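Need a 3D model of the following:
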Amino acid sequence: MTGRKYLKPPWMQRKVGNRLAPLFKPSVVGKLSVRGRRSGEWRTTPVAVLDHEGDRYLVSVFGTTDWALDLRASGRGRLSRRQGVEEIGAVEVPVAERRPILDAYLAKFATMPHVGAAFRTLPDPADHPTFRVAGAPAPD
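Down below sits the predicted model:
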């Protein structure tokens, strides 16, 4: 895929940090599960959910990740947080509308490992797929 900008998270983040973050920061970090766009298998990754101006957002910090491509393709997933598991719909935010959301995300989460560095490396809002979380999607 041409033009896909993606930063592979460091080994320690992928193998250790991603497993521990939901345990140590359950009020901030949840687990997003999305069906793979090719395999149909459920894939799970930790995500920080941003509450901003009455909506919830998921931001792909490391660029156009597989989870972002899968969520873009399906528009649905499962969000596991301290409160339980929630079936969600997701609508991608147009690039022109992302800046205030990304600024709010950075204001809240820039101190989390690798977040600030990822945004310095990929400063363009177009490089960070951003999704507004909706309620449960309509059944297939």
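
if I pick residue 63, what's in contact with it?
Shown in contact with residue 63 (CB atoms under 8 Å, 6 or more residues apart in numbering): 4-7, 118, 122, 127-128. Placement of C-beta: from N, CA and C, glycine included.

Quick one: which of those is the most crowded by neighbours?
Among the contacts of residue 63, residue 128 has the most neighbours (other CB atoms under 10 Å), with 25 neighbours.

So it sits against residue 58, correct?
No: using CB atoms under 8 Å, residue 128 makes no contact with residue 58, being 10.4 Å away.

before we move on, the earlier item: closest one to residue 78 out of the contacts of residue 63, please.
residue 128 (21.8 Å; CB to CB).

State the distance from the closest one to residue 41.
Applying CB to CB, to the nearest Å, one obtains 25 Å for the distance of residue 128 from residue 41.

circling back to that earlier point, so for the contacts of residue 63, which is the shakiest by pLDDT?
Lowest-confidence member of the contacts of residue 63: residue 7, scoring 71 (pLDDT).

pLDDT (mean, whole number) over stretch 31-47?
The average pLDDT for stretch 31-47 rounds to 94.

Buried residues of that stretch, list them for me.
Residues of stretch 31-47 classed as buried by neighbour count (16 or more other CB atoms under 10 Å): 31-35, 45-47.

Most widely separated two among those?
With distances taken as CB to CB, the most widely separated pair in these is 35 and 46, at 17.5 Å.

What's the separation between residue 29 and residue 40?
26 Å.

Out of the helices and strands in the protein, which is least certain?
The weakest-scoring helix or strand in the chain, judged by mean pLDDT, DSSP states H and E, is helix 18-24 (a mean of 54).
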